[in-house]
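# Got a predicted structure here, sequence first:
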Amino acid sequence: MTNNHHRNLATFIHLSTFSRFFIPFGNFIGPIVLWAANKDKSEFVDQHGKQAINFQISVLLYAIILGTLSVPFFIFKVFRGMDIIDFNGFHKFHINIGEPSPLLYIGGGLGALAIIAFIIELALIVKASLSARDGHIYKYPLTINFLK
């Protein structure tokens, strides 16, 4: 049975991931500090801490993969259409990008997917914190279990 204090700790572990908007890597530092300080006090807090940390590591991994996939599409498109050979001081400087290519559409689609994934991530964090507040165990979807 979990008491109110343990539910509040688990809730704050999930909500501490929002500290990334104020502190660099706060989405890792906040949950790790709260989890490490309180993991021995309750199995409930330990499970929620592991879930929050695993989810943040998984999101970072997915973001790196998505970024690795999308950046080359933009680079190939920009450098393929760029025409700076006529650079002559500031008189004849021009950039010719031309019409959009399928590479730009694919890269833009991956960027839109990243924005949608960010919104879903925020919603899942709120859902997990509400679940912790209510005393239920929450498992984030598509999470790789680095901490077991």
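Structure's in. What do you need?

# show me the contacts for the residue lying closest to V33 once chain neighbours are set aside.
Spatially, and ignoring its direct neighbours in sequence, V33 is nearest to S16 (7.9 Å; Cβ to Cβ, 6 or more residues apart in numbering). Every residue, glycine included, has its C-beta placed from N, CA and C. Going by Cβ atoms under 8 Å, 6 or more residues apart in numbering, S16 touches 26, 30-31, 33-34, 52.

# Filter the residues you listed down to just the buried residues.
30-31, 34, 52 (16 or more other Cβ atoms under 10 Å).

# Which residue is the nearest non-sequential neighbour of the spatially most central residue of the chain?
Closest to where the C-alpha atoms of the chain average out (Cα atoms, centre = their mean) is V59, at 4.5 Å. Counting by Cβ to Cβ, 6+ apart, the nearest residue to V59 once its immediate chain neighbours are dropped is E121, at 5.7 Å.

# And the helix or strand where F55 lies, what does it pack against?
Applying DSSP states H and E as the criterion places F55 in helix 43-81. On a contact count with 3 or more Cβ pairs under 8 Å, 6 or more residues apart in numbering; DSSP states H and E, helix 43-81 meets helix 4-15, helix 26-38, helix 102-133.

# quick one: average pLDDT of it?
Averaged across helix 43-81, the pLDDT comes to 82.

# now stretch 4-19
pLDDT averaged over stretch 4-19 gives 91.

# Check the gap between S19 and S70 for me.
27 Å (Cβ to Cβ, to the nearest Å).

# no no, A63
Distance from A63 to S70, by Cβ to Cβ: 10 Å.

# Repeat that for L147.
29 Å.

# Looking at those two, which is more packed in?
S70 (19 against 14; other Cβ atoms under 10 Å).

# separation between that one and Y140?
Taken as Cβ to Cβ, the span from S70 to Y140 is 23 Å.

# Hmm, S70 is touching I115, no?
No - here S70 lies out of contact with I115, judged by Cβ atoms under 8 Å, at a distance of 11.5 Å.
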